[in-house]
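Engineer: got a sequence here, can you model it:
(one chain, ligands or ions: 1)
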Amino acid sequence: MNDKVKLVEVGPRDGLQNEPGLVPTAVKIALVERLADCGLSHIEAASFVSPKWVPQMADGHAVLTGIRRRPQVIYSALTPNMHGLEAALTAGADEVAVFTAASESFCRHNIHCSIAESLTRFAPLLALARQHRLRVRGYVSTVLGCPYEGKVSPAAVARVADALYQLGCAEVSLGDTIGIGTPNRARAMLTAVRQHVPIENLAVHFHDTYGQALANIHALLEGGIRIIDSSVAGLGGCPYAPGASGNVATEDLVYLLNGLGMDTGVDLDRLVDTGRWISQQLGRHNGSKVGLAWPK
Ligand SMILES: CC(C)(COP(=O)([O-])OP(=O)([O-])OC[C@H]1O[C@@H](n2cnc3c(N)ncnc32)[C@H](O)[C@@H]1OP(=O)([O-])[O-])[C@@H](O)C(=O)NCCC(=O)NCCSC(=O)C[C@@](C)(O)CC(=O)[O-]
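Structural biologist: Below is the predicted model:
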């Protein structure tokens with residue numbers, strides 16, 4: 001496996017949205033800038049959702065307008081509806097992401113509507129984004145299991161991924177929200193989805209709750225996936241998935257990819273420093289094994 005992988009760093013968004021205390025805007029800005037300095041070229045920096053439901057993300061405008069931008073870096077934001085897209089446009093997001101789920105219960109808990117309603121809600125958002133030449137990513141949550149319904153079938157995931165792609169999402173990210181999947185199930189899910197969405201338009205987003213994220217990623221790299229979401233220091237969790245831990249740590253992912261001879265363009269030394277720095281800022285355990293083992 002000797003080729004290029006696109007990493008989507010979701011630490012500043014997915015990583016921080018579930019922090020118990022409010023993280024100062026200046027720390028978020030410093031985190032995004034440090035991640036860009038590590039060579040990460042896609043950074044999900046903010047989320048324009050209801051501050052009533054996710055207060056940790058209420059300063060998205062200040063974050064996106066406060067960062068020193070590197071021209072080659074894409075700074076993106078979550079936008080669940082038109083309100084969110086308008087806010088993201090005002091703040092100058094380079095890319096936005098809509099999000100729904102493969103299971104009805106999670107969708108209702110997360111964005112308070114059915115899967116079908118979420119897709120209807122996204123159609124005008126994608127049309128407006130197109131007018132602004134803004135690339136849109138689509139997330140499908142609960143692709144390998146739902147905290148409320150249990151098993152989710154590959155066919156259900158494929159239906160929703162297909163719908164997002166048909167709506168015009170340039171990339172569809174497949175989220176194991178509760179980190180419950182194992183490689184054989186991940187492969188079966190990808191096999192179903194890729195019958196509808198080209199592999200080059202698919203990303204994977206593995207939470208590491210059961211310690212399976214890297215095993216699943218390795219299996220899907222073999223299956224052709226080349227876009228992977230991760231979170232520095234393994235930060236994160238989802239407010240609507242009780243007990244879910246963070247995404248696979250970016251440091252651990254880069255270490256794996258380096259070992260496979262795959263090109264990420266990321267400086268692992270600097271990334272480890274950044275993971276240690278943010279863990280210290282948040283007063284939390286560093287969730288990256290590489291971050292713990294790397295020489296000081
Ligand atoms: C989706 C909504 C907005 C629906 O919102 P709603 O509560 O169903 O109803 P609404 O549309 O009538 O809005 C209610 C209030 O929110 C306001 N509002 C409405 N929209 C916005 C907006 N965009 N930005 C700011 N404010 C907004 C709106 O103005 C109103 O204010 P009020 O009149 O009560 O003062 C809400 O349910 C929400 O924000 N949910 C939070 C969802 C969320 O952020 N979840 C975590 C991210 S998803 C995730 O982590 C999974 C992922 C992507 O990482 C992949 C994976 O791991 O699986």
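Engineer: P12 and V63 touch, don't they?
Structural biologist: Yes: the pair formed by P12 and V63 meets the contact definition of Cβ atoms under 8 Å, at 7.3 Å. For the C-beta atoms, the positions are set from N, CA and C on the backbone; glycine is no exception.
Engineer: does the ligand sit close to stretch 178-196?
Structural biologist: No: judged by Cβ under 6 Å from any ligand atom, stretch 178-196 stays clear of the ligand, getting no closer than 8.3 Å.
Engineer: what about that stretch, how long is it end to end?
Structural biologist: Stretch 178-196 has an end-to-end distance of 24 Å (Cα to Cα, to the nearest Å).
Engineer: okay, now the sheet partners of the helix or strand hosting R137, with direction.
Structural biologist: Per DSSP states H and E: R137 is located in strand 135-141. Sheet partners assigned to strand 135-141 using DSSP bridges are listed as strand 95-101 (parallel), strand 171-176 (parallel).
Engineer: what does that strand contact?
Structural biologist: Contact with strand 135-141 is made by 76, 94-103, 106-107, 110, 122, 125-126, 129, 157, 160-161, 164-165, 167-175, 177, 203, 205, 238, 241, as judged by Cβ atoms under 8 Å, 6 or more residues apart in numbering.
Engineer: anything in the helix or strand following that strand near the ligand?
Structural biologist: Using DSSP H and E, the next helix or strand after strand 135-141 towards the C-terminus is helix 154-167. No: using Cβ under 6 Å from any ligand atom, helix 154-167 never reaches the ligand; the gap is at least 11.4 Å.
Engineer: ok so, going back, now the strands paired with strand 135-141 as CSV including distance to I115?
Structural biologist: Shown next, in CSV, are the strands paired with strand 135-141 (distance: least, Cβ to Cβ, whole Å):
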stretch, distance to I115
strand 95-101, 6
strand 171-176, 14
